[in-house]
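Visitor: need coordinates for the below:
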Amino acid sequence: MPIGTINNRDILLAPSVLSADFAHLGDDARAAEAAGADWLQIDVMDGVFVPNISIGLPVVASLRRVVSVPLDCHLMIVQPERYVADFAKAGANHITVHVEATTHLHRTIQQIKQLGLTAGVALNPATPLNTLDEILPYVDLVLIMSVNPGFGGQEYIPTSTNKIARLRELLDSRGLGNIAIQVDGGVSQKNVAEVAGAGATNIVAGSAVFNSRQTPAETIAGMQAALPQR
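Guide: Numbers count the residues shown, from 1 in each chain. Just a heads-up that it's a prediction; the model follows:
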């Protein structure tokens, strides 16, 4: 599915199912969709690139059967090119890979697009923006990690805001303002306006959406109310 309204800088909300109740994952996913989630993000971890193992292809295929929103697969795995076709077959609409995790990044991005999906590239917190110089014209989305990837529930790294703003300026200066800026890690109702104000167009939220304090409908409504341009 195309990136769509990101191109006019509407701000999309993509709850991460990593923080959902896995015993009731389908119910949580449907609840998020009904509450107005624009995408669902699926965090795929291999225990090698990041120090955790999460979920994979069967979960993507199962979620595809119960929700109609785009499925955004964030592959936190080494050599993601080995599994791109499988995730497309399972029902992914968008795939993001890490600049740090694949030797032939351009080839991997081409592979994703040739399968009819939109493609993104992710940067860990300590990875500089200049690693994107050669790949920017070929991607649909850049994901700024605002925590060190691997676990949900972490606190937002404050310097991420400046990094988002510098990326926004870089994209606009190169005539690439149509590329989405996704931010993932520690974003909540308290700081989502700051993140969006810096230039983010796609907000990932895990524990801020799926938690024991409120329903997904309540948390998503709170996030949307705090967002500008909704």
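
Visitor: tell me the confidence at residue 3?
Guide: Residue 3 is assigned a predicted lDDT (pLDDT) of 44.

Visitor: kindly report the same for residue 187.
Guide: 95.

Visitor: quick one: secondary structure of it?
Guide: What DSSP: H, G, I helix; E, B strand; the rest coil gives for residue 187 is coil.

Visitor: residues near residue 76, how many?
Guide: The tally of other residues near residue 76 (other C-beta atoms under 10 Å) stands at 25. (Each C-beta comes from the backbone N, C-alpha and C, glycine too.)

Visitor: you'd agree it is up against residue 49?
Guide: Yes. Shown here, residue 76 and residue 49 form a contact pair, counting by C-beta atoms under 8 Å, at 5.4 Å.

Visitor: list residues touching both of those two?
Guide: Listed contacts common to residue 76 and residue 49 are 98, 101, 149; contacts here mean C-beta atoms under 8 Å, 6 or more residues apart in numbering.

Visitor: with adjacent residues omitted, what lies nearest to the first one?
Guide: By that I understand residue 98. Using C-beta to C-beta, 6 or more residues apart in numbering and skipping residues adjacent in sequence, the residue nearest residue 98 is residue 122, 4.7 Å away.

Visitor: what residues of the helix or strand harbouring that neighbour count as buried?
Guide: Assigned by DSSP states H and E, residue 122 belongs to strand 118-123. By 16 or more other C-beta atoms under 10 Å, the buried positions in strand 118-123 come out as 118-123.

Visitor: all strands for this protein, in order.
Guide: 12-15, 40-45, 71-76, 94-98, 118-123, 141-145, 180-184, 202-205 (DSSP state E).

Visitor: tell me how many other residues crowd residue 201.
Guide: Neighbour count of residue 201, defined by other C-beta under 10 Å: 24.
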